[in-house]
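prediction below, plus the sequence it came from.
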Amino acid sequence: MSALKEQIAAAVNRVADELESLSHRIHDNPELGYQEFKAAGWLTEFLAGQGFKVERGVGGVETAFRATIETGDGPTIAILCEYDALPAIGHACGHNVIATAGVGAGAGLAAIRDQLPKGRIHVIGTPAEEGGGGKLRLIRGGVFRDVDAAMMVHGWDRWVPHQDLLGIVRLGFEFTGKAAHAAADPWDGINAVDAVIQTFNNVSMLRQQVRPDARIHGIVTSGGAAPNIIPEFAAATFYVRSASLDYLGELQKRVVACAEGAARATGCSLKVVESDTTYEPMRRNQALADAFRANMQRLGLQESPEMKDRLGSSDVGNVSQVLPTIQPYVRIAPEGTPWHSRAFAEAAVSPLAREGMLAAAKVMAMTTLDLLTEPGLLTRAQQEFRTIR
Ligand SMILES: [Zn+2]
Ligand SMILES: [Zn+2]
């Protein structure tokens, strides 16, 4: 291993206990999206202590931050942190580990600051991944405008340098009909619940004709007041997912058409509520994933094959659509532990999580160093980004 990489690993080891206690403190104080004031405070305090210049509330998001080390004119590499928790089950997605791996990578790079080639390193705090779309707001707020490549890690039960993520569109359908007595004057009514049921039936038929990576799933959010009133209002929410952005757009239109058809059939009027937090699919960047993999191997970490059928969604997908980005998976839980479970929340503070977090911090710092020292690597990552879709 190169001398600088040895120094990175030693620097991360020196702050290992501090990083672990920071990870546990975030875990013990779970905060929902856009309310991560404590976590953002502790993480920026740590980074400032490592010599980073810290900006809080970047991109117009109060609990976002950007910490920077600059050694002159050169490429800008970003390491991303997440630190939001889930309602009711706390850090069952292990974002405490993502956060401390990110700032740990920062510490590893800060230790070799004087020997770094010219460039800029950002550690960016990205709030509200669990549905709030924090990274979308940071993209719109210009936080990624000057970034040449970005990376983060996510906890899992295995190490995988690249996993696809499904894009997701959230659609609300609100049907308005006309109330009437359901026995005495049903012919005077227009039944909004029928429109919801017909939408589900239309979607069920559509489901047979979609590609295997597509997922369409919905719930009824409003379904009438009493059986003796023809429902004048009813509503449903659908999530539509696909691994291809183009196909996601196509599917979205077809699911909206299912609701439009139902409205026409029942005589209801329809309002389509489109959420502005579409999570886009993850774009692969082989050059970056390979660089990450090589540093994993340097540390003797065992890689598992990519899984094609257990796919989630994340707003890091949106970042991967605007610049070369990777989100490798890191082993922090025993094999078979599902995400968003109480078992995963427990694993996120286990010795395995400490091990995964420290290794991830080192691998990210080493990969960042590679990007700054080998201009060819960044060029390959950017060429791939521009040419392969
Ligand atoms: Zn999650
Ligand atoms: Zn997560």
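Received the coordinates, thanks. Ligands and ions are numbered 1, 2, ... in the order given.

any weak-confidence spans in the chain?
Low-confidence segments of the chain (pLDDT under 70): 1, 389.

which residues of it fall in strands?
53-56, 65-70, 76-81, 120-125, 149-151, 154-156, 167-176, 215-223, 233-242, 269-274, 325-326, 329-331 (DSSP state E).

mean neighbour count, those strands: which tops it?
strand 325-326 (a mean of 28; mean count of other CB atoms under 10 Å). All C-beta spots, glycine's among them, are computed from the backbone N, C-alpha and C.

OK, contacts around the most centrally placed residue in the chain?
The centroid of the chain falls nearest to Ser314 when counting by CA atoms, centre = their mean (2.8 Å). For Ser314, the contact set (CB atoms under 8 Å, 6 or more residues apart in numbering) comprises Glu129, His154, Leu165, Tyr279, Met282, Gln327.

is it correct that the last one is in contact with His154?
Yes. Gln327 lies in contact with His154 (CB atoms under 8 Å); the separation is 5.7 Å.

distance check, His181 against Cys268.
Distance of His181 to Cys268, computed by CB to CB, to the nearest Å: 18 Å.

neighbour count winner among these two?
Per other CB atoms under 10 Å, whichever of His181 and Cys268 has more neighbours is Cys268, with 26 against 12.

which residues of the stretch 251-389 of the chain fall in helices?
Under the criterion DSSP state H, counting those that start in this stretch, the stretch 251-389 of the chain contains helices at 286-298, 316-322, 342-347, 351-373, 375-387.

can you redo these as TSV with mean neighbour count and distance to Val196?
Output for those, formatted as TSV (neighbours: other CB atoms under 10 Å; distance: least, CB to CB, whole Å):
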stretch	mean neighbour count	distance to Val196
helix 286-298	20	43
helix 316-322	23	30
helix 342-347	18	33
helix 351-373	24	43
helix 375-387	15	42
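
any chance of those in JSON lines, with distance to Pro87 too?
What follows is those, written out as JSON lines (distance: least, CB to CB, whole Å):
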{"stretch": "helix 286-298", "distance to Pro87": "32"}
{"stretch": "helix 316-322", "distance to Pro87": "21"}
{"stretch": "helix 342-347", "distance to Pro87": "12"}
{"stretch": "helix 351-373", "distance to Pro87": "21"}
{"stretch": "helix 375-387", "distance to Pro87": "35"}
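
any idea how far the spatially closest residue to Ile219 that is not a sequence neighbour lies from Val220?
Nearest-residue entry for Ile219: Thr237, 5.8 Å, with adjacent residues in sequence omitted and distances by CB to CB, 6 or more residues apart in numbering. As judged by CB to CB, Thr237 and Val220 stand 8 Å apart.

how near is the nearest residue to Val256 once chain neighbours are set aside to Met205?
Spatial nearest neighbour of Val256, chain neighbours left out: Val272 (5.8 Å); criterion: CB to CB, 6+ apart. Distance, Val272 to Met205, using CB to CB: 19 Å.

for the contacts of Ser314, which one is nearest Ile112?
Using CB to CB, Gln327 comes nearest to Ile112 of the contacts of Ser314, at 24.5 Å.

can you count the residues close to that closest one?
24.

with Glu335 instead?
Glu335 has 9 neighbours, counted by other CB under 10 Å.

can you check Gln209 too?
Neighbours of Gln209 under the rule other CB under 10 Å: 8.

can you check Asp246 too?
The burial count for Asp246: 11, using other CB under 10 Å.

how about Gly108?
Using other CB under 10 Å, Gly108 has 29 neighbouring residues.

for it, give me its contacts.
Contacts for Gly108 (CB under 8 Å, 6+ apart) come out as Ile8, Ala9, Ala11, Val12, Ala361, Lys362, Ala365, Met366.

let's see it at 7 Å
By CB atoms under 7 Å, 6 or more residues apart in numbering, the residues touching Gly108 are Ile8, Ala11, Val12, Ala361, Lys362, Ala365.

the fourth one contacts Asn13, correct?
The one in question is Ala361. No. Applying CB atoms under 7 Å, one finds Ala361 not in contact with Asn13, separated by 9.8 Å.

switch the contacts of Ser314 over to JSON lines; also include distance to Thr379.
Below are the contacts of Ser314 laid out as JSON lines (distance: CB to CB, whole Å):
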{"residue": "Glu129", "distance to Thr379": "30"}
{"residue": "His154", "distance to Thr379": "27"}
{"residue": "Leu165", "distance to Thr379": "25"}
{"residue": "Tyr279", "distance to Thr379": "29"}
{"residue": "Met282", "distance to Thr379": "22"}
{"residue": "Gln327", "distance to Thr379": "22"}
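
out of those residues, who's nearest Glu355?
Nearest to Glu355 among the contacts of Ser314: His154, at 15.7 Å, using CB to CB.

does that closest one have beta-bridge partners, and which?
For His154, the beta-bridge assignment (DSSP bridges) gives partners Tyr329.

and it, what does it touch?
Contact analysis of His154 by CB under 7 Å, 6+ apart lists Ile98, Gln327, Tyr329, Val330.

and the gap between the third one and Val123?
Just to be clear, that refers to Tyr329. Tyr329 is 20 Å from Val123, by CB to CB.

what ranges do the helices span in the stretch 51-200 of the chain?
Counting by DSSP H, counting those that start in this stretch, the stretch 51-200 of the chain has helices at residues 95-110, 134-140, 192-207.

buried ones in the shortest one?
By neighbour count, with 16 or more other CB atoms under 10 Å as the criterion, the buried positions of helix 134-140 are Gly134, Lys135, Leu136, Arg137, Leu138, Ile139.

how far does that helix sit from the chain's center?
Helix 134-140 sits 11 Å away from the centroid of its parent chain (CA atoms, centre = their mean, to the nearest Å).

pull that helix out as PDB, backbone CA atoms only.
Only the C-alpha atoms of helix 134-140 are listed here, as PDB (Å, rounded to 0.1, in the frame of the first residue of the first chain):
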ATOM      1  CA  GLY A 134     -32.900  16.300   0.900                       C
ATOM      2  CA  LYS A 135     -30.400  15.700  -2.000                       C
ATOM      3  CA  LEU A 136     -32.900  17.000  -4.500                       C
ATOM      4  CA  ARG A 137     -33.100  20.300  -2.600                       C
ATOM      5  CA  LEU A 138     -29.300  20.400  -2.400                       C
ATOM      6  CA  ILE A 139     -29.000  19.800  -6.200                       C
ATOM      7  CA  ARG A 140     -31.500  22.600  -6.800                       C
END
